[in-house]
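**Q** Sharing a model prediction with you, sequence too.
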Amino acid sequence: MIKAFYIAGSGARAHQYALDAIANNIANVNTNGYKSQRVVFSDLVYDAAEGGRVQLGTGTAASVHRDNSPGAVTPDYYGTNREIVEKSNVDLIREFAEMITAQRAFQMNAVMVRTADEVEQYANNLLS
């Protein structure tokens with residue numbers, strides 16, 4: 001049962017990184033030249049069960065990557081000077097959709113921790 005705590009805890013931590021990256025992207029939506037961040041999830045470890053036939057995952061990891069796709073290019077006028085400015089490449093619709101997904105996944109992992117804790121308490125009460 002200890003694996004349940006580890007798996008749910010690593011999932012909650014990974015989705016917290018995703019929420020942090022999304023918040024940073026939303027905060028910089030109007031910053032010229034800003035490149036958005038994306039969180040990529042990966043499996044941590046697999047344990048073989050029953051002679052190597054079944055593999056059970058034991059967690060997830062998250063890594064942050066920059067999205068180097070170009071932002072919109074617009075002319076910028078200052079007096080007699082004319083400049084071309086690249087805006088940020090943050091898509092607010094995508095950010096809000098990813099934020100909702102990350103929030104729900106974080107909540108699910110928190111419920112998994114609470115459920116595993118209740119099962120452990122029940123098992124401990126059987127022994128007493």
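**A** That came in fine, so what should we check first?
**Q** now for the helix or strand hosting residue 97, which elements pack on it?
**A** Assigned by DSSP states H and E, residue 97 belongs to helix 92-127. Packing partners of helix 92-127 (3 or more CB pairs under 8 Å, 6 or more residues apart in numbering; DSSP states H and E): helix 2-27. For glycine as for every other residue, the C-beta is placed from the backbone atoms N, C-alpha and C.
**Q** going on from the helix it packs on, what's the next piece of helix or strand?
**A** Assigned by DSSP H and E, the successor of helix 2-27 is strand 37-43.
**Q** Pull out the buried positions in that next one.
**A** By neighbour count on 16 or more other CB atoms under 10 Å, the buried set for strand 37-43 is 37, 38, 39.
**Q** quick one, which residue of the protein lies the farthest from its center?
**A** Largest separation from the mean C-alpha position in the chain: residue 80, at 45.1 Å (CA atoms, centre = their mean).
**Q** circling back to that earlier point, any buried residues in the helix holding residue 97, and which?
**A** Buried residues in helix 92-127 (16+ other CB under 10 Å): 95, 98, 99, 102, 105, 106, 109, 112, 113, 116.
**Q** Could you measure from the residue nearest in space to the middle of the chain over to residue 109?
**A** The chain has residue 18 as the residue nearest its centroid, 2.5 Å off, counting by CA atoms, centre = their mean. Shown here: residue 18 relative to residue 109, a distance of 12 Å by CB to CB, to the nearest Å.
**Q** Ok, residue 31 next?
**A** For residue 31, the distance to residue 109 - CB to CB - is 31 Å.
**Q** Residue 21 now?
**A** 17 Å.
**Q** before we move on, what about residue 115?
**A** Noted for residue 115: a distance of 11 Å to residue 109, by CB to CB.
**Q** now do residue 122
**A** On the measure of CB to CB, residue 122 and residue 109 end up 21 Å apart.
**Q** Repeat that for residue 74.
**A** For residue 74 relative to residue 109 (CB to CB), the value is 41 Å.
**Q** again, but for residue 98
**A** From residue 98 to residue 109 the distance is 16 Å (CB to CB).
**Q** again with residue 91
**A** In terms of CB to CB, residue 91 sits 26 Å off from residue 109.
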